[in-house]
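Trainee: What shape does this take:
(chains A and B, ligands or ions: 5)
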Amino acid sequence: MSEPISVLTQRYDVPDAHTLAGYERTGGYQSLATAFDQAPTDLVSQVKDAGLRGRGGAGFPTGVKWGFTPRGTGKPTYLVINADEGEPGTFKDRELMERDPHQLLEGIIVSCYALESERAFLYLRGEYLWPGVRLEHAIAEAYEAGYLGKDIKGSGVNVDVTLHYAAGAYICGEETALLDSLEGRRGQPRLRPPFPAQAGVYGMPTQVNNVETIANVPHIVQHGVDWYRSMGTEKSPGPKLFCVSGEVNRPGNYEWPMGATAREIVEVSCQGMLDGRELRFWTPGGSSTPLLTGAHADTPMDFEAIMEAGSLLGTAAMQMFSDRTSVVEAARNWTKFYEHESCGKCTPCREGTFWLSQIYDRLLEGRGRSEDLDLLDEICDNIFGRSFCALGDGAVSPIKSSLALFRDEYEHLIAHGRLPDGIEAHTDAVDRNSGHGRPEQLVGA
Amino acid sequence: MSDDQITVTIDGTEVQVPEGTLVIRAAERLGITIPRFCDHPLLEPVAACRQCIVEIEGMRKPMTSCSTKATDGMVVKTHLTSDMAAVAQRGQLEFLLINHPLDCPQCDKGGECPLQDQALAHGPPDSRFIDQKRRYEKPIPISPQILLDRERCVLCARCTRFSQEISGDPFIELFERGALEQVAVYEDEPYHSYFSGNVIQICPVGALTSTSYRFKSRPFDLRSTGGVCNQCSAGCNLRVDTRRGGIERQLAADNMAVNEMWNCDKGRFGFPWVSHPERLQQPQARGSLLALEPVSWHGALTTAAEGLQAALDAGGGDAVGVLTGGRLTDEDAYAVSRFARDAVGTDNVDFRLWPRTDDEREVLAAVAGAPGPTYEDVEHADVVVVAGLDPEEEVPILHLRLRKAWRKHGQRIVVVGPTLGTMSEIAWRWVRTDAGDEGRVLTALATGATTGELQDEVAAALGGDGEGAATSVVVLAGERLSRSPGALPSAAMLAQRRDAAFAWVPRRNGARGALDAGLLPGLLPGGRPQSQAGPVADAWDHVPTAPGRDARGILEAAAAGEIKALYLVGVDPVRDFEDPRLARAALEAADTVIVQDLMRTETTAYADVLLPAAAPQERVGSFTTWEGRRQPFPQALPPQRLQQQDWDITRQLARALGADLGWETASDVRAEAAPLMDRRASVAERLAALESEPLPLATAPVPPLEEGELEAVVADLLLAERSTLLAGADDLLATARTPSAVMAPADAERAGVGHGDTVEVRGPGGAVTLPLAVRPHVVEGSVVLPGNALEAPVGTLADPDDPTGRLRVTVAAAPADELEESA
Ligand SMILES: Cc1cc2nc3c(=O)[nH]c(=O)nc-3n(C[C@H](O)[C@H](O)[C@H](O)COP(=O)(O)O)c2cc1C
Ligand code: SF4
Ligand code: SF4
Ligand code: SF4
Ligand code: FES
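Mentor: Ligands and ions are numbered 1, 2, ... in the order given. Modelled structure (predicted):
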């Protein structure tokens, strides 16, 4: 049995934690001295030993990734904080930045020192106005107090932070598209190699890390590897923010050690599913991770166990749906999202999502054909693994998994032209979600 | 790419390729064509279309072969041996087709369309798509000569990458996202590029089509012939597509040594003149009413010969002048060169109608017939010095090579002269000189007597042991350099002192051939001086012993009545000679004017005999590039009517004069010409040999300007409305840059004029009115004039009696009445 913990969220209930005074009073910025006493490469080793894994979705070991950063090239190295938070169902970074912006800044300073970088770019989701206000204020205060800028607190360390409001596209959260967008171009992913670690922003060595990832760093530095590893599992250590949404009583961000189960989180933190509803399907890590069912509720939420269950931990965005909700409608909703957000660069994602979306429209309008299910499946296969970036892979996750797990609902829909009894239709909501409907060029005459 | 060879196995067969080779290229070596859309051998990989997927052992995911580099020991399975790859490829084709309008029956690309071909070869036989396709308005113009059909576009980004990477005109871009991603141009900036036609050619579908070829033909109804472009000295290889005796279109043909896979719009679209109504269709001569009347070839040649004979009888060979332009084939140039000396007995020949000082002869002699630096030498040079030349306007494909070198290995390009022209993007340093003062600065760079930091830096880069010194340098000297005293010799000396390769880069396609053929007074084929005729003496009956008159001398002598007959082959002195008044006077005064040309020109009105010549596409021949590379081309279509090849007309004229030059076919001419026009000694060796009689270098500074005066720099534009060879190419001309006078901001301020104003440029001989562009890439004290695009020939501005060839002008706001006219 796990218990909720309070590491990253420890100041969430301190009303003035977002101010420098509140932050300092509650022990903030204390990791700096510890960090600056050590060689930068020692910090990288610590992060590696702590087993911190990227919180942006892929779960790649952060210390290992940092190790790819070339040193002594004579070129500047950049740290880019990925605060684009576009994955459906994900809102953890937002709260981190709203409630405890200095924690992120402290993480940035320590990470920059570890990477021997003197400038960090904070690529903030364009719609995140309130986090932006808090960050701008926090950055100004940090500069004022000498935590940012030249010769931080007399240590000789220089770190500047540039806050950049993002372009409003999901794809711009993909790290190479982010770099293009940051440089002022259309956000489309770049060909790799070269990897950002070698040639990122303006062709310079660059690390791209998620907000939550970086927020972990000061805690590791301050409290040590063993303390960090006392939370979570062997391969997925540390605290984790779970963003729970959907048909639960109390949606929100909850901090648990890695490896807590969905049932624990929903029962303890969210006070269970809405009355009279039973968990039918859910995403463990946002819409780009394959759906799981109620039967998976006791799977530990760590990278390995969730993968074993057939999905991915992703951003740990748990969207919980009950037996009253149509999985086909949910899949249609997400498909519309991916169709809208496909950057258009590569054929399978661009054309495939366009096609899938129309098939879903037909299914839910009662015009499905029995061959459509195999067609959906095959279109997904032609997208998955063949797309340029992971957006395409993510787009097919809800479809492939719902077809595998809930084929009966699809078949019912095709056979009867309507959803099974007991499931409420949300057609209008889905249409509203996909904005003002399909642009004229896509509707046809 | 390094020289190290690695071994990869593709579909069970091993192949050795240089390290760094892409899998798709390695497969090509085995004759395995992996289907592709976005891949292009000269563009950076984007891996966007996902068509080229293969299976690679040890890789978890399917890989795109166009973006994956082969590594030693790699085992690749293409669609031929991997089900996974075959299925993946079929899937991508199905995707590409769902939004494709499938309007092949009315698409220009049908029959030569990679999408069609690959759908047939690798695609699913049927579509499973029953939903709504994306719809767009079709087609929309993105320039006067290019139409875009977005429904057909497969979003491969070849066109946009070409514009960014190759031509550097990023005016065509991908916009929007998802299924709405589309190629578009900016609302406020047109797609302006001299190279835009290439995007039509590389578009793998019929999304980009040309306005002039639209709905004209099916590829399988065309007859395709190789060709060499006749518009400039770049020598782009072409494919000429004809149908029913007319040219339907011209495409760039691959020649990696010359134009790679590109050409410019002038070469691609500038062919309608061939069938233009202004073409000379049949021989004409003045009849009883003194008007030009159609006559037989026999009649015309007889009349011409009689005129020549009368002049010979009156004053011998000295009474005849022969002028050619820079447009003849090598064979024609040689034929006319020998005709003048052997059949007429005169050395009064010249192909250079451009304004020039008299000091270029030694340099041209050293260049003639010798192999110079090639495109590849230019590409691989560390430093290239460009003087008196604006490659993009004059020899566009050379510009693309320079830009490639700049992009790929940061080539340092040094521009020397009063204007940076269109080189601002790629130039490393601009060594400013006053107009006319290039020679002194080039000499300083050669001798190290530089002044100022910039010159020192450039001099250091040019050679020596210092840091950053180049190991290979090329000096490119343009036609324009001949205007400045001592400049061409100084450029040659710079090359020689710095161990650099030297090239003289004329603008016109036939100029180098004319030089090699000895079409200038005092020089024989191969740049041989008259005193060292060598094999020429064996081949010719008559080798002149003293230099004849040059172009100016010929026209002056004609105007003075000393020259009585003029034989003008492919040249329009009224338009092209620096002093049109002198040209007219000469044409009026001469007893006999024989004009042999392609089109009606201002000069043909003065002709007593008109001899219609066949266009390059209507005949065989060869052109010599600025490098000195001779490129033969076959005949693509028959002459329009009674035209004949220039060398043949010249041969028959010789016959009519009673001289037999001994050739019957173009091959005969070439066989005789080739050994005489080519010389083994390199330019460098010959320049070195000149040390004993030093080159006439520039020493005197430019005389100071009077208050308000500016030195005119005459620089031609690629596309000018009055060019004979652009007649009828209306869509192409609609993309021409606006001819304007260009001056530096400080000068404009002093003159009280601004960017976009209409100004009057006044010289001692006259004035022209044109728009003004104010740009920092012209030195103070100079104004750049678009020589070939002015309403009156630029020579009309000059003082006809000023022997310096210098043109000094004033620039002022145009008087109000002219403004109204131009409005
Ligand atoms: C379509 C797409 C969208 C993404 N959006 C985000 C995002 O909003 N925030 C984020 O941190 N990572 C996002 N990622 C993951 C990033 O590419 C990258 O893996 C991550 O920022 C690395 O940080 P980490 O190692 O700290 O997790 C996205 C990836 C894809 C393919
Ligand atoms: S998978 Fe392709 S189209 Fe989709 S977002 Fe990535 S690059 Fe763009
Ligand atoms: S217009 Fe042609 S070249 Fe350009 S992206 Fe579309 S298909 Fe490719
Ligand atoms: S660059 Fe010169 S040779 Fe090439 S196509 Fe253009 S005009 Fe013709
Ligand atoms: S050809 Fe390889 S992805 Fe397009």
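Trainee: Residue B:745 and residue B:774 touch, don't they?
Mentor: Yes. Using C-beta atoms under 8 Å, residue B:745 is in contact with residue B:774, at 5.4 Å. All C-beta atoms are positioned from the backbone trio N, CA, C, and that covers glycine.
Trainee: between the two, which one's more packed in?
Mentor: residue B:774 (20 against 14; other C-beta atoms under 10 Å in any protein chain shown).
Trainee: which ones are touching the more buried one?
Mentor: Contacts for residue B:774 were tallied using C-beta atoms under 8 Å, 6 or more residues apart in numbering or on different chains; they are B:742-745, B:748, B:753-755.
Trainee: hmm, 7 Å instead?
Mentor: B:743, B:745, B:748, B:754-755 (C-beta atoms under 7 Å, 6 or more residues apart in numbering or on different chains).
Trainee: okay, how far is it across stretch A:235-253, tip to tip?
Mentor: Its first and final residues considered, stretch A:235-253 spans 23 Å by C-alpha to C-alpha, to the nearest Å.
Trainee: quick one, domains of the chain?
Mentor: As the question left the chain open, I've gone with chain A. A:20-229, A:239-322, A:327-416 (automatic domain parsing).
Trainee: switch to chain B, that's the one I care about
Mentor: B:5-98, B:128-275, B:284-360+B:511-677, B:363-504, B:710-822.
Trainee: ok, and which of the contacts of residue B:774 reach chain A?
Mentor: When C-beta under 7 Å from any C-beta of the partner chain is applied, no member of these is adjacent to chain A.
Trainee: tell me which of the residues you listed is nearest to ligand 5?
Mentor: residue B:755 (43.4 Å; C-beta to the nearest ligand atom).
Trainee: The closest residue to that closest one other than its chain neighbours bridge partners, please.
Mentor: With C-beta to C-beta, 6 or more residues apart in numbering or on different chains as the criterion, residue B:755 has its nearest non-adjacent residue at 4.1 Å, and that residue is residue B:774. For residue B:774, the beta-bridge partners under DSSP bridges are residue B:743.
Trainee: how far away is residue B:774 from ligand 5?
Mentor: As judged by C-beta to the nearest ligand atom, to the nearest Å, residue B:774 and ligand 5 stand 45 Å apart.
Trainee: Which pLDDT does the model give that residue?
Mentor: Listed pLDDT for residue B:774 reads 97.
Trainee: Where does the prediction get shaky in the chain?
Mentor: Answering for chain A, as no chain was given. A:434-445 (pLDDT under 70).
Trainee: hmm, I had chain B in mind actually
Mentor: B:1-2, B:464-467, B:691-694, B:803-805, B:817-823.
Trainee: Quick check: residues of it near ligand 3?
Mentor: Counting by C-beta under 6 Å from any ligand atom, the residues of chain B close to ligand 3 are B:153-159, B:183, B:203-205, B:207-208.
Trainee: Give me the buried subset of the residues you listed.
Mentor: Buried by 16 or more other C-beta atoms under 10 Å in any protein chain shown: B:153-159, B:183, B:203-205, B:207-208, out of the residues of chain B next to ligand 3.
Trainee: so of those residues, which ones are in strands?
Mentor: B:183, B:208 (DSSP state E).
Trainee: wait, which of the buried ones among the residues of chain B next to ligand 3 is closest to ligand 5?
Mentor: Of all these, residue B:156 has the smallest distance to ligand 5: 6.6 Å, by C-beta to the nearest ligand atom.
Trainee: mind listing what the closest residue to that closest one other than its chain neighbours touches?
Mentor: Counting by C-beta to C-beta, 6+ apart, the nearest residue to residue B:156 once its immediate chain neighbours are dropped is residue B:38, at 3.9 Å. Residues near residue B:38 by C-beta under 7 Å, 6+ apart: B:46, B:48-49, B:66, B:156-158.
Trainee: redo that, cut-off 6 Å
Mentor: B:46, B:48-49, B:156 (C-beta atoms under 6 Å, 6 or more residues apart in numbering or on different chains).
Trainee: do residue B:184 as well
Mentor: Contact analysis of residue B:184 by C-beta under 6 Å, 6+ apart lists residue B:175.
Trainee: run the last query once more with 8 Å
Mentor: By C-beta under 8 Å, 6+ apart, the contact set of residue B:184 is B:142, B:148, B:172-175.
Trainee: In TSV, list the residues you listed along with neighbour count and distance to residue B:113.
Mentor: As requested, the contacts of residue B:184 are exported to TSV (neighbours: other C-beta atoms under 10 Å in any protein chain shown; distance: C-beta to C-beta, whole Å):
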residue	neighbour count	distance to residue B:113
B:142	20	20
B:148	26	16
B:172	25	20
B:173	17	24
B:174	21	21
B:175	13	24
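Trainee: Now intersect those residues with the strands, please.
Mentor: Reading strands off these with DSSP E, I get B:142, B:148, B:172-175.
Trainee: what's residue B:569 sitting at in phi/psi?
Mentor: Main-chain dihedrals, residue B:569, degrees, to the nearest 10: phi -110, psi 110.
Trainee: got a list of what it touches?
Mentor: Counting by C-beta under 8 Å, 6+ apart, residue B:569 has contacts B:322-325, B:328, B:332, B:336, B:596-597, B:613, B:646, B:650.
Trainee: contacting residues for residue B:462?
Mentor: Per C-beta under 8 Å, 6+ apart, neighbours of residue B:462: B:383, B:385, B:414, B:445, B:469-470, B:473, B:494, B:498, B:500.
Trainee: distance of the residue nearest to residue B:755 from ligand 2?
Mentor: Taking C-beta to the nearest ligand atom, one finds residue B:774 at 43 Å from ligand 2.
Trainee: Could you pick out the residues of the stretch 251-400 of chain B near ligand 4 for me?
Mentor: Counting by C-beta under 6 Å from any ligand atom, the stretch 251-400 of chain B sits next to ligand 4 at B:259, B:263-264, B:266-267, B:396-397.
Trainee: Among those residues, which pair sits farthest apart?
Mentor: Across those, no pair lies farther apart than B:259 and B:266, at 12.7 Å, counting by C-beta to C-beta.
Trainee: Quick one: end-to-end length of stretch B:790-806, please.
Mentor: OK, stretch B:790-806 end separation, C-alpha to C-alpha: 18 Å.
Trainee: mind checking the backbone torsions on the closest residue in space to residue A:245 that isn't next to it in sequence?
Mentor: Closest residue to residue A:245 apart from its sequence neighbours, by C-beta to C-beta, 6+ apart: residue A:251 at 4.6 Å. Main-chain dihedrals, residue A:251, degrees, to the nearest 10: phi -70, psi 160.
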